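**Q** Sequence and computational prediction follow.
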Amino acid sequence: MTENLKTITIIVAAGRGARAGAGGPKQYRPLAGRTVIARTAGAFLDHPRIDAVRVIIHRDDDDLYHAAMAGLIDHPKLMAPVHGGVERQDSVRLGLESLVDEAPGAVLIHDAARPFIDEGVISRVIDALKCHDGAIAALPVYDTIKKGDGADHPCINGTVPRDGLWRAQTPQGFHFEPILAAHRSAAGEALTDDAAVAERAGIAVALVAGSPDNMKITQADDFGMAETLLKRDETMWEYRTGHGYDVHAFEDGAAVILCGVEIPHDKKLKGHSDADAGMHALTDAILGALGAGDIGDHFPPSDPQWKGAPSRIFLEKARDLVGDRKGLITHCDVTLICEDPKIGPHRQAMRNALGEILSISSERISVKATTTEKLGFTGRGEGIAAMATATIALPDSR
Ligand code: MG
């Protein structure tokens, strides 16, 4: 392989992940504040020896992909996603075909559901490709392996010698032309991984040390295990809290928008954007925790392009700034202050709406409401005030 040819990573994210339970495909779900796919793609985008990353997605998942990759979508190394096929093997083949014009020297093929891939494993696979046509991350098997008969109450039907057995992980790296040819000739077969496709074509594939952390999120329970893995590094996080406050006056209208939810009312909130005081306060709280100014700095009210703008673009900006710092939004607490409309019936919808924008669980978001006992401008029904705090975790750079 010529040194100056590109190394491109294909991330396979086209599966439906039925085994991981409800909540949509697992690769798009949040894992401690950042989606699985963003963690996985980020590891490769950050690697200095990876030139480009292409994600293979299901044809129904364009919107899910763009939402889940927020913050990375403009990364200069990220290529546009392409649609996969019915089986994983079809998806990989289509991904490889999409790179023909790029003519990379090597490709690394990686499962989207392995978000804990680290720089060392990626480097070992790339290094091995200097003297092999293929190389995969793998771990030797230390447990005794039993063969069992019967699905419900299996009994042992033999002990498999574990000498020379390895557990295959990803990334699996290959010189581009041979793996493309191998996938083309294996199209329609059901082989278990890309190394098996390579083996079938007679390509020698080296085994390099993977990592025990490089787990594949398969079952619903794996999310708990994955969160525990992340918490192990907790001492390396710096926690910060920010505060935000916003007020908008009422004017004649038919509905107010608060925390992303439209509530029918006999007035609307007056403002340059959609006047969502709750979302503005929360945006300022996150910006405050980052020390990144306030909404007005990022979206000047004097700029006509923000007139009538949905406030989610402000919150998305704050979220992306946290993502740029590789931080996590761990908790938000919003208090809405008004006599009317009644907030209680809409609180869960507000938590869901904010959680969807921030890519975090609604359990990390609190929305509360209070009146001011008819005192002051909120008590007189002249407007709505909102206060918010946001807690974020940033990698400790000290
Ligand atoms: Mg405002």
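**A** Happy to help now that I have it.

**Q** So the residue nearest to M69 when sequence neighbours are not counted: helix, strand or coil?
**A** Take M69 and drop its neighbours on the chain: the residue closest to it by Cβ to Cβ, 6 or more residues apart in numbering is A38, 5.7 Å away. Glycine gets a C-beta too; all of them are placed from N, C-alpha and C. The local conformation at A38, judged by DSSP: H, G, I helix; E, B strand; the rest coil, is helix.

**Q** Please shift the residue numbers so they start at 406 in all later answers.
**A** Understood, numbering begins at 406; the last thing we discussed is A443.

**Q** Relative to the ion, how far out is A443?
**A** Per Cβ to the ion, to the nearest Å, A443 is found 29 Å from the ion.

**Q** Equivalent analysis for R637, please.
**A** Distance check for R637 against the ion: by Cβ to the ion, it reads 40 Å.

**Q** quick one on the thing from earlier: which residues touch the residue nearest to M474?
**A** 473-477, 728, 764 (Cβ atoms under 8 Å, 6 or more residues apart in numbering).

**Q** Using PDB, list the CA coordinates for stretch 519-537.
**A** This file holds the C-alpha atoms of stretch 519-537, laid out as PDB (Å, rounded to 0.1, in the frame of the first residue of the first chain):
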ATOM      1  CA  ARG A 519     -18.900   0.300  19.200                       C
ATOM      2  CA  PRO A 520     -18.600   3.800  20.600                       C
ATOM      3  CA  PHE A 521     -15.600   3.100  22.900                       C
ATOM      4  CA  ILE A 522     -13.100   2.500  20.100                       C
ATOM      5  CA  ASP A 523      -9.900   4.300  21.100                       C
ATOM      6  CA  GLU A 524      -7.000   5.900  19.200                       C
ATOM      7  CA  GLY A 525      -4.600   3.000  20.100                       C
ATOM      8  CA  VAL A 526      -6.700   0.300  18.500                       C
ATOM      9  CA  ILE A 527      -7.300   2.300  15.400                       C
ATOM     10  CA  SER A 528      -3.500   3.000  15.100                       C
ATOM     11  CA  ARG A 529      -2.700  -0.700  15.500                       C
ATOM     12  CA  VAL A 530      -5.000  -1.700  12.700                       C
ATOM     13  CA  ILE A 531      -3.600   1.000  10.400                       C
ATOM     14  CA  ASP A 532       0.000   0.000  11.300                       C
ATOM     15  CA  ALA A 533      -0.700  -3.700  10.500                       C
ATOM     16  CA  LEU A 534      -1.900  -2.700   7.000                       C
ATOM     17  CA  LYS A 535       1.700  -1.700   6.200                       C
ATOM     18  CA  CYS A 536       2.600  -5.400   5.900                       C
ATOM     19  CA  HIS A 537      -0.800  -7.100   5.500                       C
END
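
**Q** got the buried residues for that stretch?
**A** Using 16 or more other Cβ atoms under 10 Å as the test for burial, stretch 519-537 gives 519-522, 526-527, 529-531, 533-534, 537.

**Q** Quick check: helices, which of these are part of them?
**A** 526-527, 529-531, 533 (DSSP state H).

**Q** which among those residues gets closest to the ion?
**A** Using Cβ to the ion, I527 comes nearest to the ion of those, at 43.8 Å.

**Q** residue contacts, that closest one?
**A** I527 is in contact with 448-449, 452, 454-455, 513, 576, counting by Cβ under 8 Å, 6+ apart.

**Q** tell me which element the nearest residue to H588 once chain neighbours are set aside is part of?
**A** With sequence-adjacent residues excluded and distances taken as Cβ to Cβ, 6+ apart, H588 is closest to R498, at 4.2 Å. Here R498 is covered by helix 493-502, with elements defined by DSSP states H and E.

**Q** contacting residues for the residue in the stretch 606-755 of the chain positioned nearest to the ion?
**A** Per Cβ to the ion, H685 is where the stretch 606-755 of the chain lies closest to the ion, at 3.6 Å. H685 makes contacts with 649, 651, 678, 700, 716, 719, 791, as judged by Cβ under 8 Å, 6+ apart.

**Q** That one in helix, strand or coil?
**A** Applying three-state DSSP: H685 is helix.
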